[in-house]
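Visitor: I'll drop the sequence and a predicted model, then ask my questions.
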Amino acid sequence: MHPNLFTTMRTLKLIEGCKATALNPPPPPPPPSTTERAGEKLFQHLQDHLRVNSFRSKSNRTHPPKDSLLPYGLPNTDLLEPQIDPSLKFVDLIDKLAEVYRSIENCSQFEKADAFLEQCAIFRGLSDPKLFRRSLRSARQHAVNVHTKVVLASWLRYERREDELMGTTSMDCCGRNLECPKASLVSGYDPERVYDPCLCSGYNGDVDVEECSTSEVDYDMSFCIGDDEVPCVRRKIASLSIPFKAMLYAGFRETKRSTINFTRNGISVEGMRAAEMFTRVRKVEMFPPNVVLELLTLANQFCCDELKAACDMFLARLVSNLDDAVLLIEYGLEEAAYLLVAACLQVFLRELPNSIHNPNVVKILCSAEGRERLALVGHASFTLYLFLSQIAMEDDMKSNTTVMVLECLVECAVETWQKQLACHQLGVVMLERKEYKDAQRWFNSAAKSGHVYSLVGVARSKFKLGHRYSAYKTMSSLISGCSATGWMYQERSLYRIGEEKVLDIDIATDLDPTLTFPYKFRAVSLVEESQFGAAVAELNKILRFKVSPDCLEMRAWISIAMKNFEGALKDIRALLTLEPNFLMFNKQIHGDHMVELLRSLVQRRNQADCWMQLYDRWSSVDDIGSLAVVHHMLANDPGKSLLRFRQSLLLLRYIQGGFNRTIRTWGGSGTVRVRNKYFGFMDFRVHLPRLNCQKTAMRSLRLARNHSKSEHERLVYEGWILYDTGHREEALAKAEQSVSIQRSFEAYFLKAYALADSSLDPESSKYVIQLLEEALRCPSDGLRKGQALNNLGSVYVDCGKLDLAADCYKNALTIKHTRAHQGLARVYHLKSQRKDAYNEMTKLIEKAQNNASAFEKRSEYCDREVAQRDLVMATQLDPLRTYPYRYRAAVLMDDHKETEATEELSKAIAFKPDLQLLHLRAAFFASMRETTDAIRDCEAALSLDPCHKDTINLYHKVREPQA
């Protein structure tokens, strides 16, 4: 792009954002009490911080007594309230999943992108981000026009947070047509080629154009511009468009003239000469950009479609950075240049989230005027503003920019689900801004469009406006009018008091144990009764299976009150790993500041001490403790890429089934086979616990990549990033490239993992064994070597080499890889040593702090009665584990208790729409000849995984009688 080429570009005005200022006043402090010197010191630090950083006005400020440990007092139940989910949420989620699946299957190929986008909106509200990304890729695959391709490809890039990788630019290509910026600008529908390698590697931006001689051209007319004449061929000029043809051949005055005055048509001599040359070569690549812009204007004036398309395409190729895009989009909008605007829009979107702070970009993308201008050239869509709304809400929920984007989203909403989502999100934002009347209005609009969950927002808005009883009636009517869910009772509890409030909260937990608010409320209620230990125990119930920053903050808050500064520091470090900018104590004090204050009150540890502590926490399967130690080590050495990588390993939980999907995490998995007379043997996967914080894990991986000191190390981390975002082949290539530079444990480990992510045949298994053996020969610490030994044992088991597997597991246990107990138990079981297998799992239960999976696995090695007890314990410790529900349901079916069996599965499906749960319930319904319900569950399961073979076969089988 030529610098300073478009100097006449007008300056756009900055659209100012809105900053929230009001905060809820804190609860009154507890009465004064005598504290130790450590507590007094901590309090003094907090007081100093408050004097400088308090956000509240003097009239609202409360000054705690000097001998109080916590300047904001203890948490108060009156100030607790759950967040309203900005995503779509359904009372009948399974019906909705089935409906969307049918829509995708039955719509025309040109409508599939919109159908997949609706599925994206539904998956956004679920806990597994991979579902959303898979659906987003499918939407991009079936995109028909350039605009949709540009938006969805940019969205996919944003989901991978490419902007956080050092040394990359927004226009870098990942190597596939799916996200390629150049492929996105190619019109046409070609879903089969989106996963093919793109042509970027061989792309040459310079287009060779043959010289065009004018010596033999028979000019028969000329255009006069000022004192200059541009000779032309009449018939070639006429071929540019119908208006030119009419002017030159349809009996107008110009028809009879050999010289036509063109001075007042706004084109220069250079521009007219370029137009004349275009009539002969039909290309514009030989002209400078300013001349092409003149040609674009001429093409619009005289309806020269071919000339306009050539100019549009040429200018679109010039857009390579944000400055170019800001300059050129004005020309594109004024001249209705579709591809040029698309190219500029693509840069804006690929520069997100940074570009949303550029006032010029905000004016074009986020204002009502900008939306209207984009709409005139076909670049204002619900898809665009849905993407922008996600960025804006993540960046600043309360800003004016967010409101403007959501208002554009409402204007673009056409389908029912689009209106539901747009209005609901705008209601959430207005609630955050404390504009309660507007919030109620938007929530009402969403509810009237059929989004029942928006009634929660209606009730909350009424409550904030002082209409508590009206809010209560709204939720009571909802509960009595449809199938009750946990979030309904949770919301109604806000508007009740005493035992009725507690009852609603307990019912909410029974219906949906994953809701965090009930645990926090019960914990704070116990704190108000000075039962601190019981309060911590209540929070431990949910932190065992769902680690959330708000629950960690609450536990740290209570730990400080108990003077358990070590425990408080551990929780704060863990929550800062999840959310580095977390504000504590009603958003008054930054978490980092609390770490500094608490460090002086606990035992100091150097880096060597931290490594020893990490071994202990790791060996005891204490994930939160391990995260805290790694956070401490990173504070001492923030540029250590190895520590960032370890952090990502801890954060990635729930890598499903089998060896190939548990290599990277620190545990194995087994398969429990349950005999059921209706369906034969059913395989139930068992998973070891992990944190399942994929977004944070990917951020840690990117930081590891950015801080890597060597090329081979950087390639390994790039390989993990590629694999975790669905690019297996590219990940393998990175691993091989790293090994070619230098042999390393992590490179071989990555290669083994990527290769094992499929059904291993004997030859492939041998190769994976070789790779893991090579990894073990390379230098590494005991933590990773223990994992490699554990995984090597798993491959040996799959190959039937049980003695070699046992040796691997025992060697892993000697270096404190506690999870190897599970693999060794599996070996004993396969050797028919059931008692030894049971005892091995008992050892794991005794050592592991997070031991729900161990109870689950041990149930395989005992009789039914003992197994039932172990599975009940597993469900109590982690209600998200689906195997216990499936086991109990299968046993009930064997006992001819069909209704109880389906109810057991439905209980879990209500808060976790799991593929295996849905498949099993569909099979139960099919055996009971309840065909409609069976079909619905199959369709919902296939919405979660369209390639699940067992469900596909069952679906076809159930539908055969109807066909």
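Guide: Received, thanks. Numbers count the residues shown, from 1 in each chain.
Visitor: what's in contact with stretch 377-384?
Guide: With contacts defined as Cβ atoms under 8 Å, 6 or more residues apart in numbering, stretch 377-384 is touched by 117, 145, 147-148, 151-152, 332-333, 336-338, 341-342, 345, 365, 371-372, 374, 408-409, 412-415, 418, 422. Every C-beta, even on glycine, is put in place using the N, C-alpha and C of the backbone.
Visitor: what's the weakest-modelled helix or strand in the protein?
Guide: Here the helix or strand of the chain ranked lowest by mean pLDDT, DSSP states H and E is strand 680-685, holding a mean of 41.
Visitor: what are the contacting residues of the host helix or strand of residue 955?
Guide: Using DSSP states H and E, residue 955 maps to helix 949-959. Outside of helix 949-959, the residues within contact range by Cβ under 8 Å, 6+ apart are 915, 918-919, 922-923, 926, 931, 934-935, 938-939, 941-942, 945.
Visitor: from those, keep the buried residues only.
Guide: 915, 918-919, 922-923, 926, 934-935, 938-939, 941-942, 945 (16 or more other Cβ atoms under 10 Å).
Visitor: just flag the most distant two among these.
Guide: 926 and 945 (18.4 Å; Cβ to Cβ).
Visitor: list the buried residues in the helix holding residue 955.
Guide: 950-951, 954-955, 958.
Visitor: list the contacts of the most centrally placed residue in the chain.
Guide: By Cα atoms, centre = their mean, the chain has its centre lying nearest to residue 129, at 4.8 Å. Contact partners of residue 129, counting by Cβ under 8 Å, 6+ apart, are 159, 694-695.
Visitor: now do it against residue 162, distance only.
Guide: 16 Å (Cβ to Cβ, to the nearest Å).
Visitor: just residue 794 next, same as before
Guide: 34 Å.
Visitor: re earlier: spatially, which two of the contacts of helix 949-959 are the most separated?
Guide: 931 and 945 (21.7 Å).
Visitor: looks like residue 558 contacts residue 527 (just checking).
Guide: Yes. Shown here, residue 558 and residue 527 form a contact pair, counting by Cβ atoms under 8 Å, at 6.0 Å.
Visitor: what residues are shared contacts of the two?
Guide: 74-75, 535.
Visitor: between the residues you listed, which has the most around it?
Guide: residue 535 (29 neighbours; other Cβ atoms under 10 Å).
Visitor: residues contacting the helix or strand encompassing that one, please?
Guide: Residue 535 belongs to helix 532-543 when assigned by DSSP H and E. If you take Cβ under 8 Å, 6+ apart as the criterion, helix 532-543 is touched by 513-514, 516, 519-520, 522-524, 526-527, 548, 551-552, 554-555, 558-559, 561-562, 624.
Visitor: let's see that helix as PDB, backbone CA atoms only.
Guide: What follows is helix 532-543, C-alpha atoms only, in PDB (Å, rounded to 0.1, in the frame of the first residue of the first chain):
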ATOM      1  CA  PHE A 532     -16.400 -21.200  59.400                       C
ATOM      2  CA  GLY A 533     -15.300 -24.800  59.100                       C
ATOM      3  CA  ALA A 534     -18.800 -25.900  57.900                       C
ATOM      4  CA  ALA A 535     -18.800 -23.000  55.400                       C
ATOM      5  CA  VAL A 536     -15.500 -24.100  53.900                       C
ATOM      6  CA  ALA A 537     -16.800 -27.700  53.700                       C
ATOM      7  CA  GLU A 538     -19.800 -26.500  51.800                       C
ATOM      8  CA  LEU A 539     -17.700 -24.800  49.200                       C
ATOM      9  CA  ASN A 540     -15.500 -27.800  49.000                       C
ATOM     10  CA  LYS A 541     -18.500 -29.800  47.700                       C
ATOM     11  CA  ILE A 542     -18.600 -27.900  44.500                       C
ATOM     12  CA  LEU A 543     -14.900 -27.100  44.200                       C
END
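Visitor: please spell out which residues along it are buried.
Guide: 532, 535-536, 538-539, 541-543.
Visitor: average pLDDT across that helix?
Guide: For helix 532-543, the mean pLDDT works out to 96.
Visitor: kindly report the same for stretch 905-918.
Guide: 96.
Visitor: got the CA coordinates for that stretch in PDB?
Guide: Taking C-alpha atoms only, stretch 905-918 is exported to PDB below (Å, rounded to 0.1, in the frame of the first residue of the first chain):
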ATOM      1  CA  LEU A 905     -30.700 -41.000  33.200                       C
ATOM      2  CA  SER A 906     -33.000 -38.000  32.900                       C
ATOM      3  CA  LYS A 907     -31.800 -36.700  36.300                       C
ATOM      4  CA  ALA A 908     -28.300 -36.300  34.900                       C
ATOM      5  CA  ILE A 909     -29.400 -35.200  31.400                       C
ATOM      6  CA  ALA A 910     -31.200 -32.200  33.000                       C
ATOM      7  CA  PHE A 911     -28.000 -30.500  34.000                       C
ATOM      8  CA  LYS A 912     -25.500 -32.300  31.700                       C
ATOM      9  CA  PRO A 913     -26.700 -33.100  28.100                       C
ATOM     10  CA  ASP A 914     -24.100 -35.900  27.600                       C
ATOM     11  CA  LEU A 915     -23.800 -37.900  24.400                       C
ATOM     12  CA  GLN A 916     -23.500 -41.300  26.200                       C
ATOM     13  CA  LEU A 917     -26.400 -40.500  28.500                       C
ATOM     14  CA  LEU A 918     -28.600 -39.600  25.500                       C
END
